[in-house]
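**Q** Just a sequence and a predicted model for now, questions to come.
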Amino acid sequence: MKIAISQNRLYTMISIVSIIVLWKFLYVLLDNPIMIPSPEVTALEFIKIIKSQNFIIIVTATLTRVIIGFLISFISALILGILSGFFKPIYYLLRPIIVIQKATPTMAIILLAIIWLKSELAPILVGFLIIFPIIYSTVIQGIDSVDVKLIEMAKVYKLSRSAVMKNIYIPSIKSSLMSVASSTIGLNLKVIIAAEVLSQPSVSIGTSFQIEKSNLNTAGVFAWALITIIIAGGFDFIIKLLKSHMKN
């Protein structure tokens, strides 16, 4: 097992080094820092950003929106998903809304959110509208994927509804949710930052992207992208820890 983990880390390191080498190659080939800045300049810009006085405030503002948006989506999708999974009239009442949410282009959602809400709140609504249908559908799939034989067996042994819910349905829903938790929170982070770029809240990662772009500081854009990747990696790590904890 330890050998396999070491090999996986080695492959990851090879991949990272290959990306940096390719990046450096493109920088030399194009010889245009506005198009592709060098890895060294980007690294210096990265250090400059994280040492700035407002860095923690900026990251905290965006993370707050991401967490609020995710929690609202998760809780509402969980409740409505369970209701829809067990009561078909509710499922069919909500189906047109879910279809519209899934089919509407992300950019249209962002623009409408900016029109409807203040710049500070619009990204939260965008995050909610994008990831709610994913979590909602996952909850319903978790209910539908329960083995019918288990339900029949529960009837034979005359288990109470609460026992069936606790021992059969909730584990299935939990398993389905954990499988999409990492991807949905990562998606939530990306769409909220995209909405921040357009809505321009006073303090946010998206606003910082826009400022660097306006100043033609491509190294700054790359540095903020790197910070976003690290944050997404942090969320992924936390989700994996939660999965491991729940298995134990």
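**A** Everything's here; your move. All values reported here derive from a predicted model rather than from experimental measurement.
**Q** Where does the prediction get shaky in this protein?
**A** Where the chain drops to pLDDT under 70, the residues are 1-5, 247-248.
**Q** Going toward the C-terminus from the lengthiest helix in the chain, what's the next helix or strand?
**A** Longest helix of the chain, by residue count under DSSP state H: helix 55-86. As assigned by DSSP states H and E, the chain's next helix or strand after helix 55-86 is helix 88-103.
**Q** For that next one, which helices and strands make contact with it?
**A** Packing contacts for helix 88-103, counted by 3 or more CB pairs under 8 Å, 6 or more residues apart in numbering; DSSP states H and E, involve helix 55-86, helix 122-144. Quick note: C-beta positions are derived from backbone N, CA and C, even for glycine.
**Q** Most remote residue from the middle of the chain, which is it?
**A** Taking CA atoms, centre = their mean, the residue of the chain most remote from its mean C-alpha position is Val156, at 42.0 Å.
**Q** Burial check on Ser15, number of neighbours?
**A** 10 (other CB atoms under 10 Å).
**Q** when you give positions from now on, start the count at 644
**A** Taking 644 as the first residue, the last one we looked at is Ser658.
**Q** related to what we said a few turns ago, may I see the helices and strands packed on helix 731-746 organised as TSV, with distance to Asn651 added?
**A** Compiled in TSV, the helices and strands packed on helix 731-746 are given as follows (distance: least, CB to CB, whole Å):
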stretch	distance to Asn651
helix 698-729	28
helix 765-787	27
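**Q** Please work out which of those is packed deepest.
**A** Across the helices and strands packed on helix 731-746, averaging neighbours per residue (mean count of other CB atoms under 10 Å) puts helix 765-787 on top, at a mean of 22.
**Q** can you state the direction angle for it and helix 731-746?
**A** 130 degrees (axes from the mean of the first three to the mean of the last three CA atoms, to 10 degrees).
**Q** relative to helix 698-729, how tilted is helix 765-787?
**A** Going by the same axes, to 10 degrees, helix 765-787 makes 40 degrees with helix 698-729.
**Q** elements contacting the helix or strand just after helix 765-787?
**A** Going down the chain from helix 765-787, the next helix or strand is helix 791-799, by DSSP H and E. For helix 791-799, the packing partners by 3+ CB pairs under 8 Å, 6+ apart come out as helix 804-807.
**Q** buried sites along the helix it packs on?
**A** Val807 (16 or more other CB atoms under 10 Å).
**Q** Could you list the buried residues of the next helix or strand after that helix?
**A** For helix 804-807, the following helix or strand on the C-terminal side (DSSP H and E) is helix 813-842. Residues of helix 813-842 classed as buried by neighbour count (16+ other CB under 10 Å): 815-816, 819-821, 823-825, 827-832, 834-842.
**Q** what's the distance between the longest helix of the chain and the middle of its chain?
**A** Helix 698-729 sits 10 Å away from the centroid of its parent chain (CA atoms, centre = their mean, to the nearest Å).
**Q** could you say what helices and strands it packs with?
**A** Judged by 3+ CB pairs under 8 Å, 6+ apart, helix 698-729 is in contact with helix 731-746, helix 765-787, helix 813-842, helix 848-857, helix 861-890.
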